[in-house]
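In: Next one to model:
(one chain, ligands or ions: 1)
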Amino acid sequence: MTEQLKTIGVGLAGFGTVGTGVWETINKNGDLITNRSSNQFKINIVKAAVKDINKKRINDAPPNLFTPDWQDVVNNQDVHIVVELIGGTTTAFDIVAAALKLGKTVVTGNKALLAERGTELFQLSKLHNAAIHFEAAVAGGIPIIKAVHDSYVGNNIESMTGIINGTSNYILERMTTAGLAYPEALQEAQQLGYAEADPTLDVNGWDAAHKAILLASLAYGPIIQPDEIYVRGIERVTSTDIAFANKLGYNIKLLSVIRKHPDGQIELRTQPSFIPKSHILSSVNGVFNAIALKGDASGDALFYGRGAGKEPTASSVVADIVDAAHTCSSGAPHRGFLPYSDNTSIMSIDETSTPYYVRFDVTDRPGVIAEIAQILANDGVGISGTHSPVDPENPDKDFVDMVFQLHTCNFGKLRSTLKKVIALDSVNSEPVVFRIENL
Ligand code: HSE
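Out: The predicted model follows:
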């Protein structure tokens with residue numbers, strides 16, 4: 001160690017699963033990190049704010065590390081970097097805003113906070129020249145933020161298509177391969193520590209949507225507002241559709257699509273989709289995430305890794321802490337993300353086009369297929385296949401599932417055509433629609 005070795009103080013707001021992982025990783029690999037910094041600095045966790053300071057913790061953290069008051073962390077003069085790991089968008093906002101106002105660098109894994117309130121926070125970041133680093137906010141241990149921000153800086157990013165919620169990917173896989181019902185699969189994901197404390201955002205698509213917003217902001221420059229993304233979750237995926245997908249050669253995945261079109265519009269959506277079993281994203285299972293990125297110079301790349309869990313997420317938080325420590329120790333301007341454009345238009349979901357899988361619950365009587373097909377034909381919506389399996393135990397039952405695979409058309413046209421189909425007497429409920437992503 002040299003005489004110039006500085007101590008960079010870190011304060012944690014939150015010491016749950018990820019906070020504990022950060023503590024353990026820095027204790028385990030602190031010397032390695034110092035060596036890799038050319039012996040410029042040593043990282044020291046100074047304070048940690050927790051809800052319950054009396055809670056028994058399975059690690060060697062000394063009791064005086066903990067405080068019940070986040071202000072003790074943010075205002076501590078030995079804390080240079082504030083790490084926000086409590087989640088949510090209220091107290092977390094206060095913590096991050098207070099740190100930025102003091103000119104302290106922030107590291108956060110909180111995608112909801114940045115996607116919902118990023119406009120205010122990035123303004124503060126700019127005003128106080130204090131960086132916000134957020135590698136852990138997207139895809140757990142995969143360094144996709146650094147890749148888009150730094151490694152692909154010489155590219156126009158044409159698209160990023162990915163599976164960026166580990167919990168829903170885990171649930172869909174367990175429903176597909178183990179035949180579990182949705183609630184059982186969700187419970188397993190919670191027990192394994194993949195789901196957020198409140199898993200609502202995992203399963204309703206918003207956790208992935210928040211991440212997609214952050215990726216799109218990095219790639220295209222503006223802070224994108226939550227109401228600009230089209231979002232559907234996995235709560236309504238049924239074993240019936242999983243079985244149809246399987247039979248037709250697909251897996252169902254919660255897919256986020258971020259794509260810049262030649263006219264400059266950005267397609268931005270998160271929804272459960274059919275992916276051909278032969279496509280590499282189809283074999284991304286369990287808690288793993290994957291993002292297929294296409295740059296105009298780089299061509300295609302695939303990022304794959306653990307999208308949730310204690311150590312992978314801690315790995316990304318620690319990487320950000322080290323980045324921030326370099327800035328703190330050298331006095332160089334920070335290299336955290338700042339929005340660099342407000343000139344973006346998000347494509348209306350009605351203009352986006354894919355092929356589709358549509359399942360109708362119909363009363364089985366002569367002519368029903370022809371009636372539906374006629375409406376589709378009148379509107380110029382092409383059919384590439386139909387399926388209506390007979391139940392061998394009950395071949396004459398009255399109500400059946402009728403599946404249509406439809407050629408590519410825009411979503412607006414599909415919606416208006418389906419309204420006419422739903423008006424038929426023989427169609428008993430709203431159809432189930434999935435996009436087929438040929439990628
Ligand atoms: N709950 C998230 C997921 C992990 O399942 O992907 C952190 O984003």
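
In: Tell me how far residue 154 lies from residue 63.
Out: 49 Å (CB to CB, to the nearest Å). Just so you know, the C-beta spots here come from the backbone N, C-alpha and C atoms, and that holds for glycine as well.

In: Apologies, that question was intended for residue 312.
Out: As judged by CB to CB, residue 312 and residue 63 stand 28 Å apart.

In: Comparing those two, which shows the higher neighbour count?
Out: residue 312 (22 against 8; other CB atoms under 10 Å).

In: correct me, but that one touches residue 140?
Out: Yes - assessed by CB atoms under 8 Å, residue 312 is found in contact with residue 140 at 4.4 Å.

In: Find the residues that touch each one of the two.
Out: Listed as contacting both residue 312 and residue 140 by CB atoms under 8 Å, 6 or more residues apart in numbering are 305, 306.

In: in the stretch 251-400 of the chain, which ranges drop under the pLDDT threshold?
Out: The model of the stretch 251-400 of the chain has no residue with pLDDT under 70.

In: can you tell me the residue of it closest to the ligand?
Out: Distances between the stretch 251-400 of the chain and the ligand by CB to the nearest ligand atom are smallest at residue 308, namely 3.4 Å.

In: Not counting its neighbours along the chain, what's nearest that residue?
Out: residue 166 (3.6 Å; CB to CB, 6 or more residues apart in numbering).

In: Show the pLDDT at the one you found.
Out: Predicted confidence (pLDDT) at residue 166: the value is 94.

In: Give me the phi and psi angles of it.
Out: When read as degrees, to the nearest 10, the backbone of residue 166 gives phi -70, psi -40.

In: in terms of contact, does it touch residue 305 like I think?
Out: No - the criterion here is CB under 8 Å, and residue 166 misses it with residue 305 at 10.1 Å.

In: residues shared between the contacts of those two?
Out: Going by CB under 8 Å, 6+ apart, residues that sit against residue 166 and also against residue 305 are 140, 288, 289.

In: Could you pull up the residues touching the first one?
Out: The one in question is residue 140. Counted by CB under 8 Å, 6+ apart, residue 140 has contacts 166, 287, 289, 305, 306, 307, 308, 309, 312, 313, 316.

In: Pull out the buried residues from those residues.
Out: With neighbours counted by 16 or more other CB atoms under 10 Å, these contain buried members at 166, 287, 289, 305, 306, 307, 308, 309, 312, 313, 316.

In: Near the ligand, which residues of the stretch 101-250 of the chain? Just list them.
Out: Contact residues, the stretch 101-250 of the chain versus the ligand (CB under 6 Å from any ligand atom): 140, 165, 166, 167, 194, 195, 196, 202, 207.

In: Need the pLDDT of the first one.
Out: By that I understand residue 140. pLDDT at residue 140 comes out at 94.

In: same question, the last one
Out: Reading off the per-residue confidence, residue 207 sits at a pLDDT of 96.

In: Now do the contacts for it.
Out: 111, 112, 165, 167, 196, 201.

In: So which of those belong to helices?
Out: 111, 112, 167, 201 (DSSP state H).

In: now the last one: how far from residue 50?
Out: Distance check for residue 201 against residue 50: by CB to CB, it reads 23 Å.
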